[in-house]
Structure formats: C-alpha cells, structure tokens
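In: Dropping the sequence and predicted coords here.
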Amino acid sequence: MDALLLHRIHFAFTITYHYLFPQLTMGLALLIVILKTIAIRTNNERYNEAARFWARIFAINFLVGVVTGIPMEFQFGTNWSRFAQVTGGVIGQPLAMEGVFSFFLESAFLGLFLFGERRLSKWQHWGAAFMVFLGSWISGFFIIVTNAWMQHPVAYRVMPNGGFELTSFWGLLTNPWALIQYSHNMSGAVITASFVMCAVGAFYVLENRFPEHGRIFLRIGVIAGVISCVTQIFPTGDLHGRYMAKHQPAATAAMEGLFTSTKGAPIVLMGQPDEQNKRIDNPLAVNKVLSFLIYGTTTAEVAGLDQFPPDQWPSPLPLLFYAYHIMAGLGTYFAALMALAAFLLWRGKLYTTHWILWPLMLSFPLPYIANTAGWMTAEIGRQPWVVYGLLRTSSGYSKYVSAGNTLFTLMGFMGLYTVLSILFLILVYRIVHRGPVAGPAEASPQSAFTS
Amino acid sequence: MGSIWFWFVAAMLGAYVVLDGFDLGVGILHPWLGRSENDKQLLLRTIGPVWDGNEVWLIAGGGTLYFAFPLLYASAFSGFYLALMIVLWLLIMRGASIELRSLMHIGVWRAFFDGLFFVSSALLAIFFGAALANVIRGVPLGADGYFFLPLWTNWLPGTSPGILDWYTVLGGLVALVALALHGALYVAVKTEGELQQRVRSVVPRLWIVLFILTGMDLFASVNVRPDILDNYKAFPVAFLVPAVVGISLVGIFFFSRKNADRNAFTCSCIYLAAMLVGAATALYPRLLPSTSNPSLDITIQKALSGPHALRVGLVWWIFGMGLAVLYFVIVYRMFRGKVSLHEGGYGH
C-alpha cells in the first residue's frame, strides 16, 4: 500500500471514530439545557432526574470524545506535515482558538456541571450546563471554520515560500461556506441526540420501566427531532447543496453520478457508478429533478464529469456517490419518521402506538451513519485537493513518515479504539439498564466524569 | 512579534507541566500511596475535577504552536512521529483509566485501571522529559527543515541519534522524579491523616534522587550542547534562572521538613517553571536546533506565521488566556481544601 493512501485512511479512521462522540454530546448538551430549563420552570423533579440521567450518558461520551480528539489536534503535524506547514498561517488560527476559547470553558464547567449540583444554586447549575453547551458549540464552530477554509479558501494570500497567509480574520470566520456547513452540521448533531433520546424513551415505555421518564424522553426527543430533521433538509441542506454545485461542480457531478453534462438533468436515487464505462448501472432516476434542485428550473444545464479532466475527479468516486446517497436517503427517512411521531404526539397517541415506538427505538444508529456519510461526502468530494484548488492531497502528507510507520500506528489506533468501544458499550448499557431514578446508595464517585 | 509568541507558547507549555505535572505525579506514586480502596479513591479525588482542564494546556499549547510556528509544528510532529503517537495512546489510556476505574464494583476491573493509570502516567512523564531533551540536543534537520527520527539507534547523542539516547533518557528520568515529587507535595496539601503521613515520608527520598539527577542533567546538557551557554554568557543576568532552580529545590527540602506542604508545593511549581525557562533561554531564538549545522536550525524567524494572523492573535490570545485563568480560579476555589470520602458525588 502506498504512503498517501495509508495517511488518508489513518486520518479517515481516527476522525470518523472521534466524531461518533461529539455529534451526540453537542446535540445532547442542548437537550440537557432544555430539560433543566423545563425542570426549573415547572418545578417537576422528573425533569431534573431526566437531566441527571442524560448527564451520565453525556459524561461517558464526552470522555471518549476528548481522548479520541487529542490525536486530531496533532495529526495535522504528524501525518500531514506539508499541509500543516503551508496552511498553519490560516487554519492554525481557528484551531488555536478552539483550544483557548472552547476547551478551557468546557473542561472547567463540565466539572461544575457533573460534580457541583449540590454546591450550586439551581440557576448556577443551569448556568454550568449552559456553559458546557456553549463550549461544545463554539468548538464545533472553529472546527467547521477550519474545514470550510479547506473546502472553500477565502481571505488568504500566497507567500513567497509557498505558504498561505491570512489577510482577513473576519473574512475567515464569516466564510459563507462555514456558516452554511455549521448550521447543517449542528442540526445533524441535534438529530443524533434526538434519536438517541427517543430510543431510550421508547425502550422504557415499551418495557414499562421508568415509563414516566420514558415519556419525557420521547416528548423532548420527538419535538427536537422534528425541528432538526426539517432544518437539516431545508434550509441548511438545500443551501449547502446549491453552494457546493456552484463552487465544487466536479464534486456535485460525482455525488449525483452525472457523467455527462445534461440539460434538465435527472436525479439518480439509486445505482452503482461504473467509472470505466462512465455510466450508472441499474439507475433509478427521476427526470429533471436535479436541475430543479440546483437551479430552480427544470431545463437548466448541470455540469457533468465530462467537463473536468479525470485527474480532477474526486476519488474514490463510487464511495462518494454512496456516501451522499446514504446521507440523503436517511435524512428523508428521519424527516418522515419524526413527522409521523410528532403528529401522534400532538394527537396524544405517541406513547401507546407500538408501531411507531419500535422504529423510534431501533433507528438510533442511523443518524450516526448519516452524519458520517455526510462528512464523507464533504471530504471525498473535495478530493483530489486537500485545500480546494490550491493544494493536492498528494502534496500534503508527511513525506518522511514511511508507509510502514503509518500502518503501524493505524493498527495501533484500531486496536485501542476497539477496546475503547467495548468498554463504552458496557458502561452505556449499565447506565441505561439502571435507569434515571437513583437506586440504592452506591459508593460515590470521585471524579468529574464518573457519576 | 516572533519573540512574543515564543514566550507565549513557552508559557502555555510551562502551565501544562506545572498543572498536569501534579496529576501525572499522583499517577506515578499511585501504587505506593494507594494501599487501601479508600486511599485510592482519595488520591483520584484530589485530581478528579481538575485533571482534564490541566491537560487542555497541552492541547491549546499545541494549537497555538501550529498557529504561530507552522514549520516547527509540521517538522517536529512528523519527525518525532512514533514517539508522538505513543504519547497520544498513553494520553487516551490514562484518561480512560482515571474516569472508568470507579464505574464498576469489580476488583480486577479497578486493579487493571489502577495499573494502567500508573504505567501511562510514568511513561508520559518520561516521554515529556525526553522530548525536551531532544529539543535541547537537536535533531538531524535537512535543508527543507524536516527530519525523521527512529525511537532509538545506538543510544548515543551524536549526529544521527534516536529519540531515545542516554542523554534524553536521563532527561526522561529527571521528569519522572520531578513530577513524582510534585505530585507527592500536591497530595500532601490535599489530604490529611495517615495518607498525608505516608506521602510526606516519600518526599525526602524523592528529593535526594531529584537533587542528584538535576545536577547530572545540567552537567550532561552543557557537555552534549556546549552552545546552550551562549545566551547565558551574553546576558549573565540569565544565570538567575538556574539560581532559582537551585533555590526552589532547597526550598522544597526546607519546607517539606517543616511540614509546610503548601510552601513546598509552591517551590516545586517554581522549580519546574524555572527548569523550563532555563531551557527556553538556552534555545532562544532557536526553536529546534540542528545536530550538524547551525544554519539549518529552525529559528523563530524561519517558522513564524504571517503578520496579520499574529497581530489578530495577540488580541484574542490575551483575552482568551484571561478567561482561562478565570475558569481555573473558579474551579480550584470550588474544589479547594482537603478531599474526603464523605462528600457526595453526582447523580447516584
């Protein structure tokens, strides 16, 4: 295997695994703030118990997110040193700001939030929860600013030594790509949290254990879910797709499987791209829809891959096509499921309708898949560039780190993360099994995360 | 501008060593201090609410390094590839061991994570010490500013050294003992009764080892890199820094004999900070020296980011550091005083 491919897999594996955790904690932080707000306003102790239960789930996810996030901060240097050297002058800024403005905030207030409920007044404790929410969303913003610059470089200048220099700090932070991508991404995080909350709620209601808490989880989960599922598609997904079609036309053509430029282009719902013969096998297509989605008219011409030299096609192209279709397909399913559930909630039938509780319980892994597929769409779509139009991925990796060394550490991460996954699943199972109401007194924990 | 960022990054890494240093030290001493389950719980409680905040200094320092000196970040992190990956794995394992051990009431579960906590803390201390020694010794930089070091070669700090050689291992041992002592003094501040007596009795033994190792390390450093004295000779006032190292070391001994734990811990903080300031003074304005040719050294000038980014950075960095210090004051005040087992935790 060549070094470039291994460095790509190295980053892909560690970032994909890492982002399984922040997508939940960012969404859950918001839902916990909502639970605590309702608890204070209604004086209903059940909501406090619900908040504490989700704080325990949050803590273990946050821990895994933190420890798997540390390697990300350093991998730009270890595995992508050429990229790091030339881009540090621009994206080093948001990455450093994330550390300074988000991580200190999160670490300080997470301790107070998880550990200080008895030392703080209820509003102070609410404030600690809010600060944790704020910290995690600020963190997400700086990461998106970093990625958005790689997708759509703005506010930079090329220095004589080939590196990039920032010319406008505000230009970097208000990159339109970043604002669209951030809203799409955070909405996706809320979807994950809503589905997980619904799943536990549906489980408790179906099992008839802690049904009162289960109904709270379902109510909050479904309301947050239906809102975030709608905003995921419109306006954020719609804007993102159109912006991408404008600025990364090759990526759009590859995502949609459009090999030849077409007026009134069809949308391919399913199929298998065949790069050699430049066609989609077994296509299931709807005429003219793609032109309409991108340009708002059914006759507009959409650029196909034939407009671009093959060395500028995203690779691996079929994976990009599948990732995008999985994301879009699941997103549609989420919206339908949540709309149905919200309707039943409004009619007061949600908690007794088993045929909706079952899919709500079983669907929680799907947002993880959809969020991952969305990120794969963004990252593979940008190929063969690591900084779009400016720096090829093949020029970005660490030349002096051999393929053998990279494979060694990749396997190390795979082994370590497998063990971490097993521990994580055991501990989350235990929290869900015990439920939201305190059992007999346990030896009290001593640390911020344990609870 | 470059010098300002040099000292900013140095200050962040210094804060990391002083703060995370004591919780690493608690891990290093854990097998000796934690005789009973109660002791072990108390030891973890001393660092529980603060360890991850302490570790943020490393992450934020790394990010700031990337931002201010991209070439150094790129060159050093890829050049020390394997060692850095091992450090990352150790950080993952250590974080997991602290947080997961008490979640199960199973003896072997807890014993396993206790062992992991010790091993990862000790190895991290050694690797951090060795890392600093690598920077002082220098690396075989190429004309493009890059290098690649295997973990070890012939264990000699020559022109083609490994990450580990006798000199860097010595640096690692200094860090191991210094952080163990630092952790011991912290535990003495945060505990009472039998556990406090036990940790106080460990202090003099660690101190004498550290005293000898510090002397050996200073001597070895001057021998391996005679040019580290250049800045000192040019500005003799800088000799105050090694003097502070000596005075703080004596201070630790003096105050710990009188059971003035808080003062002894303060001296230990000063000792660690002065050791780092001493190293930074020796390096300045170099960031990573070459083992073969001074013209290949990575200097502040060579590695510095563009001026607009650094000017803007100055504003938010100072503001952000003010906030960070504020958070630390809040958290440390909140969890001040001796730890006890009786105080309830969260949730259950």
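Out: It's in.

In: Give me the packing partners of the strand or helix carrying residue A:114, helices and strands only.
Out: Residue A:114 belongs to helix A:104-115 when elements are defined using DSSP states H and E. With contacts defined as 3 or more Cβ pairs under 8 Å, 6 or more residues apart in numbering or on different chains; DSSP states H and E, helix A:104-115 has these neighbours: helix A:45-79, helix A:122-151, helix B:51-68, helix B:307-334. C-betas here are computed from N, CA, C, even on glycine.

In: do you know which of these lies nearest residue A:112?
Out: Each of the helices and strands packed on helix A:104-115 was scored for nearness to residue A:112 using Cβ to Cβ, and the closest is helix A:122-151 (4.2 Å).

In: can you give me the angle the closest one makes with helix A:45-79?
Out: Here the directions of helix A:122-151 and helix A:45-79 differ by 30 degrees (axes from the mean of the first three to the mean of the last three Cα atoms, to 10 degrees).

In: strands paired with whichever helix or strand comes after helix A:122-151, and their directions?
Out: Using DSSP H and E, the next helix or strand after helix A:122-151 towards the C-terminus is strand A:156-158. Taking DSSP bridges as the criterion, strand A:156-158 pairs within the sheet with strand A:164-166 (antiparallel).

In: ok now the strand it pairs with, how far from the chain's centre?
Out: Distance, stretch centre to chain centre, for strand A:164-166: 28 Å (Cα atoms, centre = their mean, to the nearest Å).

In: which parts of the helix or strand encompassing residue B:243 are buried?
Out: Residue B:243 is part of helix B:240-257 when elements are defined by DSSP H and E. For helix B:240-257, burial by neighbour count (16 or more other Cβ atoms under 10 Å in any protein chain shown) applies to B:240, B:241, B:242, B:244, B:245, B:248, B:249, B:251, B:252, B:253, B:255, B:256.

In: contacting residues around the helix holding residue A:114?
Out: Residues outside helix A:104-115 that contact it (Cβ atoms under 8 Å, 6 or more residues apart in numbering or on different chains): A:55, A:59, A:62, A:120, A:125, A:128-129, A:131-132, A:134-136, A:138-139, A:447-449, A:451, B:48-50, B:52-53, B:55-56, B:60, B:320, B:323-324, B:327-328, B:330-331, B:334-335, B:345-346.

In: Please apply the same query to stretch A:77-85.
Out: Judged by Cβ under 8 Å, 6+ apart, the contacts made with stretch A:77-85 from elsewhere in the structure are A:7, A:10-11, A:76, A:163, A:386-387, A:391, A:395-401, A:406, B:66, B:70-71, B:73-78, B:81, B:84-85, B:145-146.

In: Now the terminal residues of it, how far apart.
Out: In terms of Cα to Cα, to the nearest Å, the two terminal residues of stretch A:77-85 are separated by 8 Å.

In: got a list of what the residue in the stretch 151-300 of chain A positioned nearest to chain B touches?
Out: Among all residues of the stretch 151-300 of chain A, residue A:165 sits closest to chain B, at 3.2 Å; criterion: Cβ to the nearest Cβ. Contacts were defined as Cβ under 8 Å, 6+ apart; by that measure residue A:165 touches A:89, A:90, A:156, A:157, A:158, A:159, B:305, B:306, B:308, B:309.

In: surely the third one meets residue A:163?
Out: No - the criterion here is Cβ atoms under 8 Å, and residue A:156 misses it with residue A:163 at 9.8 Å.

In: which of the two has more neighbours?
Out: residue A:156 (23 against 19; other Cβ atoms under 10 Å in any protein chain shown).

In: what sits opposite the closest residue to that one other than its chain neighbours in the beta ladder?
Out: Among residues not flanking residue A:156 along the chain, residue A:164 sits closest, at 4.7 Å (Cβ to Cβ, 6 or more residues apart in numbering or on different chains). The bridge-partner assignment for residue A:164, based on DSSP bridges, gives residue A:158.

In: just checking, residue A:164 touches residue A:149?
Out: No - using Cβ under 8 Å as the test, residue A:164 is too far from residue A:149 to be in contact (9.1 Å).

In: who touches both of these two?
Out: Contact with both residue A:164 and residue A:149 is made by residues A:87, A:90, A:156, A:387, according to Cβ under 8 Å, 6+ apart.

In: hang on, the earlier thing: so how far is the helix holding residue B:243 off the chain centroid?
Out: Between the mean C-alpha position of helix B:240-257 and that of its chain there is a distance of 18 Å (Cα atoms, centre = their mean).

In: can you list contacts of that helix?
Out: Residues lying outside helix B:240-257 but in contact with it, judged by Cβ under 8 Å, 6+ apart, are B:181, B:185, B:188, B:200, B:203-204, B:207, B:210-211, B:214, B:218, B:261, B:263-264, B:267-268, B:270-271, B:274-275, B:277-278, B:281.

In: Among those, name the ones in helices.
Out: If you go by DSSP state H, the contacts of helix B:240-257 have B:181, B:185, B:188, B:200, B:203-204, B:207, B:210-211, B:214, B:218, B:261, B:263-264, B:267-268, B:270-271, B:274-275, B:277-278, B:281 in helices.

In: Distance from the chain centre to stretch A:63-75, please.
Out: Counting by Cα atoms, centre = their mean, stretch A:63-75 is centred 15 Å from the centre of its parent chain.

In: if we can go back for a sec, show the buried residues in the contacts of helix B:240-257.
Out: For the contacts of helix B:240-257, burial is judged from neighbour counts taken by 16+ other Cβ under 10 Å, and it is met by B:181, B:185, B:188, B:200, B:203, B:207, B:210-211, B:214, B:218, B:261, B:263-264, B:267-268, B:270-271, B:274-275, B:277-278, B:281.

In: ok, back up a step: how much space between the residue nearest to residue A:156 and residue B:342?
Out: Counting by Cβ to Cβ, to the nearest Å, the gap between residue A:164 and residue B:342 amounts to 57 Å.

In: and the two? which has more neighbours close in?
Out: More neighbours sit around residue A:164 than around the other of residue A:164 and residue B:342, counting by other Cβ under 10 Å; the figures are 25 against 5.

In: how about that one, what does it touch?
Out: The neighbours of residue A:164, taking Cβ under 8 Å, 6+ apart as the test, are A:86, A:87, A:89, A:90, A:153, A:156, A:157, A:158, A:387, A:390.

In: Is it correct that the fifth one is in contact with residue A:386?
Out: By that I understand residue A:153. No - using Cβ under 8 Å, residue A:153 is not in contact with residue A:386; the gap is 10.9 Å.
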